[in-house]
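Q: Got a predicted model here, sequence first, then my questions.
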Protein chains: 2
Amino acid sequence: MSDATTDASIDASTDASIDASTDASTDPVLVLADRARAASHGLAQATRATKDAALHAMADALLERAGQVLEANADDVRRAEQDGTPEGIVDRLRLSTERLEAMAQGLRDVAGLPDPVGEVVRGGTLANGLEMRQVRVPFGVVAMVYEARPNVTADAAGICLKSGNAVLLRGSSSAAVSNAAIVEVLRDAAAGAGLDPDVVQLVPADSRESVTTLMRARGRVDVLIPRGGAGLIRSVVEGSTVPVIETGVGNCHVYVDRAADLDKALAVVLNAKTHRPSVCNAAETLLVHADLADTFLPRVVAALQEAGVTVHGDPTTAALPGVVPATDDDWDTEYLTLDLAVGVVGSIDAAIDHVRRHSSAHSEAILTEDQSAARRFVAAVDSAAVLVNASTRFTDGGELGFGAEIGISTQKLHARGPMGLPEMTSTKYVVTGDGHVR
Amino acid sequence: MSDATTDASIDASTDASIDASTDASTDPVLVLADRARAASHGLAQATRATKDAALHAMADALLERAGQVLEANADDVRRAEQDGTPEGIVDRLRLSTERLEAMAQGLRDVAGLPDPVGEVVRGGTLANGLEMRQVRVPFGVVAMVYEARPNVTADAAGICLKSGNAVLLRGSSSAAVSNAAIVEVLRDAAAGAGLDPDVVQLVPADSRESVTTLMRARGRVDVLIPRGGAGLIRSVVEGSTVPVIETGVGNCHVYVDRAADLDKALAVVLNAKTHRPSVCNAAETLLVHADLADTFLPRVVAALQEAGVTVHGDPTTAALPGVVPATDDDWDTEYLTLDLAVGVVGSIDAAIDHVRRHSSAHSEAILTEDQSAARRFVAAVDSAAVLVNASTRFTDGGELGFGAEIGISTQKLHARGPMGLPEMTSTKYVVTGDGHVR
């Protein structure tokens, strides 16, 4: 098409009737959002080949410019140490050649995944001859608000780019220098691969205000994804007018049924609690059927303690050596440490009731060889993942074969559980006729 | 299972550690929400046979107790007439035997649709032998806030019941007596069919406060669906902490490309505007390519005027007889009447830009015989439905073969476009192993 625009009475140059939600703004965060919107139109129509080339270019650039990124990161680490930040958090902040290589590999892995954009979710020809297709399309502009780890910057940029979304990255102030360096490298690489660099932008982390602005940018930001602690997520969920995908808080339960194979149960409980206690799919509460109170309970408590776990027990469990009596709060706590609340339940229904009242609906597991107990638990427990004779640690995009994961949704709208590339898209209906009317 | 509960140290009878979001409440709306939650557990596990029997019982009861419902409705109609309500709105409020029969038939139609609950969306066996399934599950508790028409009460109740969701119905105060009668009939029928009647409950419409309470009932209400005018929808979207599915505002565009078949274009424009002007998928703006300004434009304007349409034109169009000059506001107005904004654009890109700036992203149509123009419009226009050589009136669950429709989503999260039964569900992952650990 090479249309002349001279005859147009109304066209893109007429700004008079632009609606409020797209008024030009001088707010610096909204300026970034508007640039992201402009860049998103081209990215939404970019071919897979273009996007994959950009992802590989970004991976190459992270390694080629490793010195620049590591130097920037050293600034953040120095500042954190001077501020007396606990070593565990400093360690999450710290980058190394190995961690940069992992970030680069993550981008290459995303390049290797199928492009979700354009996938036909359903389609067919209607009785009247109309052809209907429901097709995956990008959201448009995605904002990520996240804490600490600078590797999330590259991960989120890669997943958003592949799913055709422009992304606004609002990391923590403690990683501000690292994030600025990483984003500069990624933007340069994207531009070199022929994309508008504004598909990846860093939002200043110097005040809470930039988060608030993103939360209220309905019409400019299509989806907001908070990733971090419970406090961050709660404040975003409650204050945002932009649609939110809630991620990550996991008060996960393991229930050992009276019909459990006790050796399998012991292995799963230990794995769910101790394999990586700081993550959202680690177990935080163990419920044991009353029939096992004299046999399995002392055995599992001893094994947990042997593995360094502090057991917070209900009255029955607290009678065992070394167990701390549980308070009411323990049943609602996501420890993220080597602590575990342990209680005895009189029945599978009591276990289900306990889960309903205390779970964050992330992941719950049952250990049982009884088919009807498994069926009942799976039907009655309404969590993002329900596991039978398997560790809660399997609720993970990588483990489930999604290839990439931007977070684990604990809400019921849109996506629930681990979110891969398809979960980062919306759909639209394309209806084709030949002059069809009703 | 017939477990003894006597040995339990912690079980359902221990309420001490219930978390804040499920504290027992004395707020009357939250009491209803908590009853809905309790009823939702049983409904989520009800078989299709049970749910379909309840739907047929509800349809039967609406006809058997037609006298009671019509008498209640006469109260509402009398009150509306005394208040000087416009006849158009009174007519939407008014029930008749025919309308009750249509409501009953709607319930029977929903009974005839496949049960979305339990559908396996994806699944497979992982490399380590874990079996993974993503399964459709109900949301839990759905709240509907809607205006005027009492038939929505039965429609929404039927769709929610079939999709396994307990529903809180908050209709308009003008239909309060009708809605109370309908809900009483539906609840009695549900109970007679073996369901907890609290799966369908009416929320008092005597104050705005009940809407506000629903909007803030995060953790008690899983999804809130507003259905009504733009003002209602905006206030719910902006004030709600409960996840919302935004429905219905349609500022729909028809673009007649220079390569259009002009006879098809004329028929589609007339159908999109005049077939039923009061609904969200009616056209509100017509964009005509500049090459057609001397030929098609006068022809379509005359035909529209002949059909009773008031044309609000840009300067080129306003030069034609009987055309009202368009103001800036016209391009953003969802008239829902026999009014149409008409403008000339210099190119398909100018049409796309205009749509991007003014559309509510509901439905946009292009008329063209040019394959590359169609492809470009479809790729660049990001609306819930994009139609090629077909009327915007086809964006409708019934027309697209969904069998039932609870609304048309104009948001990008979760569901976009007409929402049928599957769109009223979430999913969960069920992962089955044999003692699997990481």
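A: Yep, it's here.
Q: Of all the residues in the helix or strand bottoming out on mean pLDDT in chain A, which ones are buried?
A: Within chain A, no helix or strand scores below helix A:230-239, which has a mean of 85 by mean pLDDT, DSSP states H and E. For helix A:230-239, the neighbour count (16 or more other C-beta atoms under 10 Å in any protein chain shown) marks A:232-233, A:235-237 as buried. Any C-beta I mention is one placed from the backbone N, CA and C, and that applies to glycine too.
Q: Please identify which of these is nearest to chain B.
A: If you rank the buried residues of helix A:230-239 by distance to chain B using C-beta to the nearest C-beta, A:V237 comes first, at 6.8 Å.
Q: show me where chain A has helices.
A: A:28-44, A:48-64, A:66-82, A:87-93, A:97-112, A:151-162, A:176-192, A:209-215, A:230-239, A:262-274, A:296-306, A:315-318, A:348-358, A:371-380 (DSSP state H).
Q: Tell me which of the ones you listed sits nearest to A:S391.
A: Checking those against A:S391 by C-beta to C-beta gives helix A:262-274 as the closest, at 4.4 Å.
Q: Show me what the closest one is packed up against.
A: Here helix A:262-274 touches strand A:252-256, strand A:283-289, helix A:296-306, strand A:363-367, strand A:385-390, strand B:425-436, going by 3 or more C-beta pairs under 8 Å, 6 or more residues apart in numbering or on different chains; DSSP states H and E.
Q: Let me know which of these is tucked in deepest.
A: A comparison of those by mean neighbour count, using mean count of other C-beta atoms under 10 Å in any protein chain shown, puts strand A:363-367 on top with a mean of 31.
Q: List the pairing partners of it within its sheet, with orientation.
A: strand A:252-256 (parallel), strand A:385-390 (parallel) (DSSP bridges).
Q: Save those strands as TSV, and put in mean pLDDT too.
A: Converted to TSV, those look like this (pLDDT from 0 to 100):
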stretch	mean pLDDT
strand A:252-256	98
strand A:385-390	98
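Q: would you list these in CSV and tack on distance to B:D332?
A: Below are these laid out as CSV (distance: least, C-beta to C-beta, whole Å):
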stretch, distance to B:D332
strand A:252-256, 48
strand A:385-390, 44
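Q: Which one, of the ones you listed, ends up nearest to B:D349?
A: Nearest to B:D349 among the strands paired with strand A:363-367 is strand A:385-390 (45.8 Å), distances taken as C-beta to C-beta.
Q: what residue ranges in chain A score low on pLDDT?
A: Scanning chain A for pLDDT under 70 picks out A:1-24.
Q: Domain-wise, how is it divided?
A: Per automatic domain parsing, the domain ranges recorded for chain A read A:24-124+A:131-247, A:252-397.
Q: Of the ones you listed, which stretch is the most buried?
A: Scoring the domains of chain A by mean neighbour count under mean count of other C-beta under 10 Å gives domain A:252-397 as the most buried, with a mean of 21.
Q: so what's the spatially closest residue to A:E238 that is not a sequence neighbour up against?
A: Leaving aside its chain neighbours, A:E238 sits nearest to B:T241 (5.2 Å; criterion: C-beta to C-beta, 6 or more residues apart in numbering or on different chains). By C-beta atoms under 8 Å, 6 or more residues apart in numbering or on different chains, the residues touching B:T241 are A:237-238, B:215-216, B:218.
Q: ditto for A:V221
A: A:33, A:141-143, A:168, A:214, A:242.
Q: and of those, the nearest to B:E369?
A: Nearest to B:E369 out of the contacts of A:V221 is A:V141 (C-beta to C-beta; 34.2 Å).
Q: If the closest one is in a bridge, with which residues?
A: Bridge pairing for A:V141 - DSSP bridges - gives A:A166.
Q: Touching, it and A:G164? I think so.
A: No. With contacts counted by C-beta atoms under 8 Å, A:V141 stays clear of A:G164, the gap being 11.0 Å.
Q: Give the intersection of the neighbour lists for these two.
A: Taking C-beta under 8 Å, 6+ apart as the criterion, A:V141 and A:G164 both touch A:S40.
Q: mind checking how far A:R133 is from A:R65?
A: Using C-beta to C-beta, to the nearest Å, A:R133 is found at 42 Å from A:R65.
Q: An error on my part: the question was meant for A:R208.
A: For A:R208, the distance to A:R65 - C-beta to C-beta - is 31 Å.
Q: now swap in A:A176 and tell me
A: Taken as C-beta to C-beta, the span from A:A176 to A:R65 is 18 Å.
Q: ditto for A:D34
A: 28 Å.
Q: Then A:V200?
A: Distance from A:V200 to A:R65, counting by C-beta to C-beta: 15 Å.
Q: I'd say A:E423 and A:S409 touch.
A: Yes. If you go by C-beta under 8 Å, A:E423 and A:S409 touch, sitting 7.4 Å apart.
Q: Let me know which of the strands paired with strand A:363-367 is the nearest to A:D396.
A: strand A:385-390 (9.4 Å).
Q: which residue sits closest to A:F296, ignoring its sequence neighbours?
A: The nearest residue in space to A:F296 (C-beta to C-beta, 6+ apart) is A:L262, at 5.2 Å.
Q: in terms of contact, does the one you found touch A:R299 like I think?
A: Yes. A:L262 is within contact range of A:R299, at 7.4 Å (criterion: C-beta under 8 Å).
Q: OK, contacts around A:P422?
A: By C-beta under 8 Å, 6+ apart, the contact list for A:P422 reads A:116, A:119, A:136.
Q: In strands only, show me these.
A: Using DSSP state E, the subset of the contacts of A:P422 located in strands is A:R136.
Q: Pick the one among the contacts of A:P422 closest to chain B.
A: Of the contacts of A:P422, the one sitting nearest to chain B (C-beta to the nearest C-beta) turns out to be A:R136, at 10.6 Å.
Q: and that closest one, how far is that from A:T50?
A: Per C-beta to C-beta, A:R136 is found 17 Å from A:T50.
Q: A:A180 too?
A: To A:T50, A:A180 is 26 Å away according to C-beta to C-beta.
Q: Ok, A:G397 next?
A: A:G397 sits 25 Å away from A:T50, going by C-beta to C-beta.
Q: cool, A:S372 as well?
A: Applying C-beta to C-beta, the value for A:S372 to A:T50 is 53 Å.
Q: Repeat that for A:E405.
A: A:E405 is 24 Å from A:T50, by C-beta to C-beta.
Q: same question, A:L340
A: When distance is defined by C-beta to C-beta, A:L340 is 49 Å away from A:T50.
Q: Likewise for A:L107?
A: A:L107 is 15 Å from A:T50, by C-beta to C-beta.
Q: Check A:G401 too.
A: As judged by C-beta to C-beta, A:G401 and A:T50 stand 26 Å apart.
Q: for A:E399, same thing?
A: From A:E399 to A:T50 the distance is 30 Å (C-beta to C-beta).
Q: Please apply the same query to A:A379.
A: A:A379 sits 46 Å away from A:T50, going by C-beta to C-beta.
Q: and if you look at A:P422?
A: Per C-beta to C-beta, A:P422 is found 20 Å from A:T50.
Q: interface residues of the stretch 51-200 of chain A facing chain B?
A: On the criterion C-beta under 8 Å from any C-beta of the partner chain, chain B has as its neighbours in the stretch 51-200 of chain A the residues A:124, A:126-127, A:130, A:132, A:134, A:137, A:139-140.
Q: switch to 7 Å and redo it
A: Proximity of the stretch 51-200 of chain A to chain B (C-beta under 7 Å from any C-beta of the partner chain) is limited to residues A:126, A:130, A:132, A:137, A:139-140.
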